[in-house]
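*Asks:* Compute the structure for the input listed below.
(chains A and B)
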Number of protein chains: 2
Amino acid sequence: MKEYASLSKEELKNEYENLNKEYEELVSMNLVLDMSRGKPEPGQLDLAKDMLSVLDANTEFVCNGQDARNYGGLDGLASAKELFAEMLRTSVDHVFVGGASSLNLMFDTISRAYMFGIMGETPWSKLEKVKFLCPAPGYDRHFAVTERFGFENVLVPMKADGPDMDVVEELVKDPAVKGIWCVPKYSNPEGVVYSDEVVKRFASLKPAAKDFRIFWDNAYMVHHLYEKIEILNIIDECEKAGNPDMYYEFCSFSKISFAGAGIAAMATSPANLADAKKTITVQTIGADKVNMLRHVLYFKNAAGVDAHMEKHAAMLRPKFEMVDRVLSEGLEGLGAGTWAKPKGGYFVTFYANDNCAKRIIELCKKAGVVMTGAGAPFPYGKDPKDSVIRISPSYPTIEELEKAVKVFVTCVKLATVENLM
Amino acid sequence: MKEYASLSKEELKNEYENLNKEYEELVSMNLVLDMSRGKPEPGQLDLAKDMLSVLDANTEFVCNGQDARNYGGLDGLASAKELFAEMLRTSVDHVFVGGASSLNLMFDTISRAYMFGIMGETPWSKLEKVKFLCPAPGYDRHFAVTERFGFENVLVPMKADGPDMDVVEELVKDPAVKGIWCVPKYSNPEGVVYSDEVVKRFASLKPAAKDFRIFWDNAYMVHHLYEKIEILNIIDECEKAGNPDMYYEFCSFSKISFAGAGIAAMATSPANLADAKKTITVQTIGADKVNMLRHVLYFKNAAGVDAHMEKHAAMLRPKFEMVDRVLSEGLEGLGAGTWAKPKGGYFVTFYANDNCAKRIIELCKKAGVVMTGAGAPFPYGKDPKDSVIRISPSYPTIEELEKAVKVFVTCVKLATVENLM
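*Replies:* Coordinates of the predicted model:
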């Protein structure tokens, strides 16, 4: 097949009719498939099943004078802080271990800035205007947080090695710009790995707002599909650049142990932590330390986590490779779209021709394949080019996934031809 | 010994010298004792040790199509909602199951009102003045929350059957009054059980502020020392009184299973819940559902919880009775103070003569016995009469507790005599 854009009117019409027939056959099969959810499949959850029995009646619960079962320990069990510190390559005085959800830690960090201000600066609720930078395609739940607070979400284009830093450096000159959302490794959804240069430029930002903060959501820090990739450490880089308080880093075990029952952490400067704890000490006596102990005893250390993540990779890799294969077989040479080949994370981003994404997702839906909504990876759900589609290969079985991607290929072709006609 | 107030100057001086000698001997013993902490002793935590092994590799994690280990289920696992609904005598559509900490649920509820407002009303952050009613003696962590937000904490006197409702009914006519903190059963610290009349008067309040809410912290709902005492159900009473949205009820398993690893819930009207979830759905994907499942499988139902709480009572009762006995033996007839005889909860409140509480606690401290700070049960830490002392008998062993209460008795006597001289 030739490239669609080079087809004659007649050829396009023929192709449309063939595709439409193929599509109607798919619709008549009443498929029920889902590529929308960036969540682990049950088999991945089973990988950590033995974590549930590491604690029993004979466990020693007292660690550094602290009974994990009792009240106390606002910033988490000492051993859990050590585990996170090793994973994040920092010291325990930078670490706060919270509940099960890193999103909740992020939301609460924004809340504190909004309600009480950061380090004596004006609470964001008292400002006329707050802007937040949203590298996009990005994570819809990040953007939803700052949207909920009524901040203006400002789109920053993504490049192959991270956000467009020329744009970021320019935008932070505006004192209303208070922060930026980042997923620095295997970004959601594109799988972008921030280059050393990008991390260094982040650490060296000269924002007009003293309380500007980088929200560094290291959600996929150990979620490699192939070899281990390390990025520069934002903690060290910010310290070196003389901006020791400019970041909050977040991570969790949601896609390491259990998505609904992991442990989450925030890493930031001791000064930021002390500032945050003025409020947290009023909010709670502490998060679930027994679950922290369970994680520590099961994973032991960063090497234990890495070994466990290799098992996840072994389950995820064939799915990612299958998506790539089916897309290649179906679309190569047609000029109907391109797609990312991520080295980790949870998503494959498909770049449709302009003005085709919504239509593709609509066609998929009618054929029984649920996709993440078009525009979701952009602020306010608006993809300026209507081009980006997030594919989530993790949750379906590989058989379901293959069927779903094949339907997707037909929908891509049909929408592309429609668009050309 | 005669009543202190009736002693002659000479008799007082003699008594003072004797007490002072007794006290100096205590000081020289270098005791290290603590009656400050309202937390379970390790033996109480051991009671739930088998809960740690109810989950294993063979557990069925899927319930109503929801895998407890995976993402999803914003308001909690269906079976956990059922357990709380039974305990709170309501329906599951009133129940939200959060993380491990009910204090955190309360803080977040205030935060939401502050940041986004309740049901379309003006966010409290935008108001000139917010007042919160604080029945006192009460729980210092409640008062700390509203103090952190800069609200004015208004003291409401406690009576034998709950807050002084004449005062409450009058104060809620002020539209700046947005809420009230309540611990309706075995209140912290006095052990007061709200009477039916008090609950009905709460449910029938006619506050000027539409977004006035009763924060009904049912922290000790099943924490009986003797027979089971039930109070009227605030949920039903508010519905009957035509105020279905006027309350948020809170409770947790912190003093049922593990203080640091329980599960907590909020019960409120479906309309309040829907309003709260507009924010919570942005804040988190959900709390730890595996811990919810662990609790459900271990406790099974409300009867299972009651049976478990009888074991707690069996450990706590001797401590409470010993405190009462030592206080009686040491202080009966002296006019040096009175004390509560709670039927449940975690505290014994001692009412010293006016202007003596601070001095008693200071003397205790010097003799190696740590008490909760004087004034702690009052807004801004200010006890108008300097009279109330919170004794926490749960954490020390019974032998330590006996020593500590005996020291306390000497300090009470010494401070009282000093005060009379």
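*Asks:* Going along the chain, name the strands of the stretch 201-350 of chain A.
*Replies:* Here the stretch 201-350 of chain A has its strands, by DSSP state E, counting those that start in this stretch, at A:213-217, A:247-252, A:264-268, A:337-339, A:348-352.
*Asks:* Other residues contacting the second one?
*Replies:* When contacts are defined by C-beta atoms under 8 Å, 6 or more residues apart in numbering or on different chains, strand A:247-252 is touched by residues A:84, A:87-88, A:100-102, A:105-106, A:109, A:202-203, A:213-219, A:221, A:234-235, A:238, A:262-268, A:272. (Each C-beta comes from the backbone N, C-alpha and C, glycine too.)
*Asks:* Against chain B, which of those make the cut? List them.
*Replies:* Checking these against chain B by C-beta under 8 Å from any C-beta of the partner chain, the ones in range are A:100, A:101.
*Asks:* among the contacts of strand A:247-252, which ones are buried?
*Replies:* A:84, A:87-88, A:100-102, A:105-106, A:109, A:202-203, A:213-219, A:221, A:234-235, A:238, A:262-268, A:272 (16 or more other C-beta atoms under 10 Å in any protein chain shown).
*Asks:* Number of residues surrounding whichever residue of the stretch 301-421 of chain A sits closest to chain B?
*Replies:* For the stretch 301-421 of chain A, the residue closest to chain B is residue A:395, as judged by C-beta to the nearest C-beta, at 8.8 Å. Neighbours of residue A:395 under the rule other C-beta atoms under 10 Å in any protein chain shown: 21.
*Asks:* can you pull the contacts of it?
*Replies:* A:34, A:37, A:38, A:39, A:40, A:41.
*Asks:* just the strands in the stretch 1-150 of chain A please.
*Replies:* Under DSSP E, counting those that start in this stretch, the stretch 1-150 of chain A gives strands at A:33-34, A:62-63, A:66-67, A:95-97, A:131-136.
*Asks:* and these as JSON lines, adding mean neighbour count, distance to chain B and mean pLDDT?
*Replies:* Listed next are these as JSON lines, based on neighbours: other C-beta atoms under 10 Å in any protein chain shown; distance: least, C-beta to the nearest C-beta, whole Å; pLDDT from 0 to 100:
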{"stretch": "strand A:33-34", "mean neighbour count": "18", "distance to chain B": "13", "mean pLDDT": "92"}
{"stretch": "strand A:62-63", "mean neighbour count": "14", "distance to chain B": "8", "mean pLDDT": "88"}
{"stretch": "strand A:66-67", "mean neighbour count": "20", "distance to chain B": "6", "mean pLDDT": "93"}
{"stretch": "strand A:95-97", "mean neighbour count": "26", "distance to chain B": "12", "mean pLDDT": "98"}
{"stretch": "strand A:131-136", "mean neighbour count": "26", "distance to chain B": "14", "mean pLDDT": "98"}
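*Asks:* got a list of contacts for the least confident helix or strand in chain A by mean pLDDT?
*Replies:* Among the helices and strands of chain A, strand A:62-63 carries the lowest confidence by mean pLDDT, DSSP states H and E, at a mean of 88. Defining contact as C-beta under 8 Å, 6+ apart, one finds that strand A:62-63 is touched by A:68, A:77, A:78, A:79, A:293.
*Asks:* rerun that using 10 Å as the cut-off
*Replies:* Contact with strand A:62-63 is made by A:68-70, A:73, A:77-80, A:289, A:292-293, A:296, B:42, as judged by C-beta atoms under 10 Å, 6 or more residues apart in numbering or on different chains.
*Asks:* What is the nearest of these to residue B:163?
*Replies:* Closest approach to residue B:163 among the contacts of strand A:62-63 (C-beta to C-beta): residue A:70, at 30.5 Å.
*Asks:* How far does stretch A:163-183 sit from its chain's centre?
*Replies:* 19 Å (C-alpha atoms, centre = their mean, to the nearest Å).
*Asks:* For burial, what's the neighbour tally of residue A:28?
*Replies:* Residue A:28 - counted by other C-beta under 10 Å - has 9 other residues nearby.
*Asks:* Equivalent analysis for residue A:6, please.
*Replies:* 8.
*Asks:* next one: phi and psi at residue A:245?
*Replies:* With angles defined as degrees, to the nearest 10, residue A:245 sits at phi -100, psi 10.
*Asks:* mean confidence for the helix ranked longest in chain A?
*Replies:* Assignment by DSSP state H gives helix A:302-331 as the longest helix of chain A. Across helix A:302-331, pLDDT averages out at 98.
*Asks:* Just checking that helix against chain B, any contact.
*Replies:* No. Residues of helix A:302-331 are not located near chain B by C-beta under 10 Å from any C-beta of the partner chain, the shortest gap being 13.9 Å.
*Asks:* how far is that helix from where the chain is centred?
*Replies:* For helix A:302-331 - counting by C-alpha atoms, centre = their mean - the centre lies 16 Å from the chain centre.
*Asks:* Output the contacting helices and strands for that helix.
*Replies:* helix A:42-46, helix A:78-87, helix A:289-299, strand A:337-339, strand A:348-352, strand A:388-391, helix A:398-420 (3 or more C-beta pairs under 10 Å, 6 or more residues apart in numbering or on different chains; DSSP states H and E).
*Asks:* Please identify the deepest-packed of these.
*Replies:* strand A:388-391 (a mean of 26; mean count of other C-beta atoms under 10 Å in any protein chain shown).
*Asks:* Partner strands of that one, with direction?
*Replies:* strand A:348-352 (antiparallel) (DSSP bridges).
*Asks:* Report the angle between the strand it pairs with and helix A:302-331.
*Replies:* Interaxial angle, strand A:348-352 versus helix A:302-331 (axes from the mean of the first three to the mean of the last three C-alpha atoms, to 10 degrees): 30 degrees.
*Asks:* hey, C-alpha coordinates of strand A:348-352 in CSV?
*Replies:* Only the C-alpha atoms of strand A:348-352 are listed here, as CSV (Å, rounded to 0.1, in the frame of the first residue of the first chain):
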residue,chain,number,x,y,z
VAL,A,348,2.8,3.9,24.3
THR,A,349,1.9,7.2,22.8
PHE,A,350,0.5,7.2,19.3
TYR,A,351,0.7,10.4,17.2
ALA,A,352,-2.1,10.4,14.7
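*Asks:* how about the residues of the stretch 101-250 of chain A near chain B?
*Replies:* Counting by C-beta under 10 Å from any C-beta, the stretch 101-250 of chain A sits next to chain B at A:101-108, A:110-112, A:114-116, A:123, A:125-126, A:141, A:144-150.
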